[in-house]
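J.: Sequence isn't available, so here's the structure alone:
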């Protein structure tokens, strides 16, 4: 049996067109040995979930700067549950108010990284929280 690398789908849901942060995180994860599938800009939650399932992803990392984080994270989590893929961990980052963090956690978002989070912090969290047996 081989010890395959972790697989993470990095996605930019919705109308937000700013993907520099998502690309930096994707590159950092790749450099840390994670297989990264970057879906590109303007992805629907349906497209993101389909990619995660097709790619046999361990996690989905959403980058949301548009203010639509509550709706977008909820939709991705709901679709993963509907597709019997709730074992895929959802985490993310972006411009997300501290006041929204408890509700995001309650809906099933494993972790939110806000501006200022380092790539070392993100890659370490991925390694620590998605580790395979």
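T.: Arrived safely. Bear in mind that the values here come from a model prediction, so they are computed numbers and not experimental data.
J.: Quick one: residues contacting residue 26.
T.: 10, 36, 38 (CB atoms under 8 Å, 6 or more residues apart in numbering). Glycine gets a C-beta too; all of them are placed from N, C-alpha and C.
J.: Which ones among the residues you listed map onto strands?
T.: If you go by DSSP state E, the contacts of residue 26 have 10, 36, 38 in strands.
J.: hey, what's the second one bridged with?
T.: This points to residue 36. For residue 36, the beta-bridge partners are residue 8 (DSSP bridges).
J.: thinking again about what came up before, mind putting the ones in strands among the contacts of residue 26 into JSON lines with distance to residue 110 and neighbour count?
T.: As requested, those are exported to JSON lines (distance: CB to CB, whole Å; neighbours: other CB atoms under 10 Å):
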{"residue": "10", "distance to residue 110": "15", "neighbour count": "27"}
{"residue": "36", "distance to residue 110": "17", "neighbour count": "21"}
{"residue": "38", "distance to residue 110": "19", "neighbour count": "20"}
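J.: Of those residues, which is the nearest to residue 94?
T.: Among these, residue 10 lies closest to residue 94 (CB to CB), at 12.1 Å.
J.: pLDDT score assigned to the closest one?
T.: The model reports residue 10 with a pLDDT of 98.
J.: Return the distance of it relative to residue 97.
T.: For residue 10, the distance to residue 97 (CB to CB, to the nearest Å) stands at 22 Å.
J.: Over to residue 91?
T.: From residue 91 over to residue 97 the distance is 17 Å, taken as CB to CB.
J.: quick one: which of those two has more around it?
T.: For the pair residue 91 and residue 97, the greater number of neighbours falls to residue 91 (21 against 10), based on other CB atoms under 10 Å.
J.: element containing the more buried one, please.
T.: Per DSSP states H and E: residue 91 is located in strand 89-94.
J.: what do you get for residue 62?
T.: Here residue 62 is assigned to strand 59-64, by DSSP H and E.
J.: what pairs with that strand, and is each one parallel or antiparallel?
T.: According to DSSP bridges, strand 59-64 forms sheet pairs with strand 7-11 (parallel), strand 89-94 (parallel).
J.: which residues sit against the shortest one?
T.: Put plainly, it is strand 7-11. Around strand 7-11, the neighbours that count as contacts under CB under 8 Å, 6+ apart are 22, 25-26, 29, 34-39, 43, 48, 51-52, 55-63, 126, 130.
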